[in-house]
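K.L.:
Quick check, what structure comes out for this input:
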Amino acid sequence: MLAQQRQSAILDRVRSAGGVRVTDLATEFGVSDMTIRRDLETLHDRGLLAKVHGGATAAGPSSTDEPGFHAKSVRQLPEKAAIADRAARLVRPGAAVALSAGTTTAELARRLVDVPGLTVVTNSLPVAEILHGAGRPDQTVVLTGGVRTPSDALVGPLAVGAVRRLHLDLLFLGVHGITERAGFTTPNLMEAEIDRALVAAADRLVVLADHTKWGTVGISSIVELAAAHVLVSDEALPPPARRVLGEQVGELIMAKATRAGRATRTPTSEETAT
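P.N.:
Numbers count the residues shown, from 1 in each chain. The predicted structure follows:
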């Protein structure tokens, strides 16, 4: 194998798993550790991955970088709209659902204003504002309280304590990053704590994540991939991600973004039966 071919294969491994080890790569490709280190140095210099002690991780922002809500809200708009369209079909009238903080969950909130009889629990200020602004008397919105983060999430002991006393049908979880090794992650330690409390309170977990979340690692893991009953992403999700997620999550749904940012969907057999 030529060096360029080996480096391309290494980059595929990093993007698929989120990180690689020098010793594992040396064994896989039948070359010395020094050869792999030179490959990683070349890829690092090109900005394609980040070298770490003993290996490399996917290139990207720091694991503690946390863009503000408005900064994130302008990214991948068609994909987020399509994901929200798909996710809204999973909600039944009268259900008790939770929406975590995030721009994709905020998009979902705009679609849930049309669902009658909902009780919505959230630690997201934008989500609460969207649902309150709709003024539906048949919907109940529960805001957890807590300390505000740059992503307009409410976190801390007050938020966690409120959630731990609840029993929810469904949680829609927005995440910062996804890798096979780290699972679903966030760059905020306190936000990870409230997210884990929401996961524990819900019967079913639906993760909402566009394709750019694959290969990104936040400092704190929320839950492993297998904890998700459903993952809704978009059709730009790369094949390695589809393979890993298809094997580990309960159901992988791919939303197709259109120019208008809306998705079309054929109902599942479960939906047509209800």
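
K.L.:
Could you chop this structure up by domain?
P.N.:
The chain breaks down by automatic domain parsing into domains covering 3-58, 69-264.

K.L.:
could those domains go into a markdown table alongside mean pLDDT and mean neighbour count?
P.N.:
Any C-beta I mention is one placed from the backbone N, CA and C, and that applies to glycine too. Formatted as a markdown table, those follow (pLDDT from 0 to 100; neighbours: other C-beta atoms under 10 Å):
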| stretch | mean pLDDT | mean neighbour count |
| --- | --- | --- |
| domain 3-58 | 85 | 16 |
| domain 69-264 | 91 | 20 |
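
K.L.:
And the helices in the stretch 101-250 of the chain?
P.N.:
103-112, 125-134, 157-163, 189-201, 239-248 (DSSP state H, counting those that start in this stretch).

K.L.:
for those, which one sits closest to Met254?
P.N.:
Closest approach to Met254 among the helices of the stretch 101-250 of the chain is made by helix 239-248 (7.9 Å; C-beta to C-beta).

K.L.:
same for that closest one, what does it pack against?
P.N.:
Judged by 3 or more C-beta pairs under 8 Å, 6 or more residues apart in numbering; DSSP states H and E, helix 239-248 is in contact with helix 3-17, strand 230-234, strand 252-255.

K.L.:
what angle separates the longest one from helix 239-248?
P.N.:
When you say that, I think you mean helix 3-17. Relative orientation of helix 3-17 versus helix 239-248 (axes from the mean of the first three to the mean of the last three C-alpha atoms, to 10 degrees): 40 degrees.

K.L.:
From the contact counts, what lies against helix 3-17?
P.N.:
strand 19-21, helix 22-29, helix 33-45, strand 55-58, helix 239-248.

K.L.:
Could you take these and lay them out as JSON lines, with extra columns for distance to Gly117?
P.N.:
Formatted as JSON lines, those follow (distance: least, C-beta to C-beta, whole Å):
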{"stretch": "strand 19-21", "distance to Gly117": "45"}
{"stretch": "helix 22-29", "distance to Gly117": "52"}
{"stretch": "helix 33-45", "distance to Gly117": "53"}
{"stretch": "strand 55-58", "distance to Gly117": "43"}
{"stretch": "helix 239-248", "distance to Gly117": "32"}
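
K.L.:
To Ser233, which of these lies closest?
P.N.:
Ser233 sits nearest to helix 239-248 of all the helices and strands packed on helix 3-17, at 7.7 Å, using C-beta to C-beta.

K.L.:
What angle do strand 230-234 and the closest one make with each other?
P.N.:
Going by the same axes, to 10 degrees, helix 239-248 makes 160 degrees with strand 230-234.

K.L.:
Can I get helix 239-248 in CSV, CA atoms only?
P.N.:
Only the C-alpha atoms of helix 239-248 are listed here, as CSV (Å, rounded to 0.1, in the frame of the first residue of the first chain):
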residue,chain,number,x,y,z
PRO,A,239,-21.5,5.7,5.0
PRO,A,240,-19.1,4.7,7.9
ALA,A,241,-21.5,6.6,10.3
ARG,A,242,-24.5,4.9,8.8
ARG,A,243,-22.9,1.5,9.3
VAL,A,244,-21.9,2.1,13.0
LEU,A,245,-25.1,3.8,13.9
GLY,A,246,-27.3,1.3,12.1
GLU,A,247,-25.7,-1.5,14.1
GLN,A,248,-25.9,0.2,17.5
